[in-house]
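*Asks:* Kindly generate the corresponding structure for this input.
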Amino acid sequence: MKQSSLCLLSALGGALVGAMVAVLVTPQSGKELRSKIREAFDEATAKMHAAGCDCEK
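*Replies:* Predicted structure coming up:
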């Protein structure tokens, strides 16, 4: 239980930091920005699954 909580917290923290950086440095429209944030989130999720962090349990 403790490991899954840490995994979820790490994922949420990483997503939050990534979104904040993207919003601050990107000169794109909102639609383009949301697309890039979604892509970054999907990549981070894939990396977590590859590393053995199964947050869906």
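*Asks:* what stretches of the protein score poorly on pLDDT?
*Replies:* Along the chain, the parts satisfying pLDDT under 70 run over 1, 53-57.
*Asks:* Which parts of it are strands?
*Replies:* Taking DSSP state E, the chain contains no strands at all.
*Asks:* doesn't residue 38 make contact with residue 22?
*Replies:* No. Between residue 22 and residue 38 there is no contact, the gap being 10.6 Å when judged by CB atoms under 8 Å. For every residue, glycine as well, the C-beta is placed using N, CA and C.
*Asks:* Now tell me what touches stretch 31-42 from outside.
*Replies:* Contact with stretch 31-42 is made by 15, 18, 19, 22, 23, 26, 28, as judged by CB atoms under 8 Å, 6 or more residues apart in numbering.
*Asks:* redo that, cut-off 7 Å
*Replies:* The contact list for stretch 31-42 (CB atoms under 7 Å, 6 or more residues apart in numbering) reads 15, 18, 19, 22, 23, 26.
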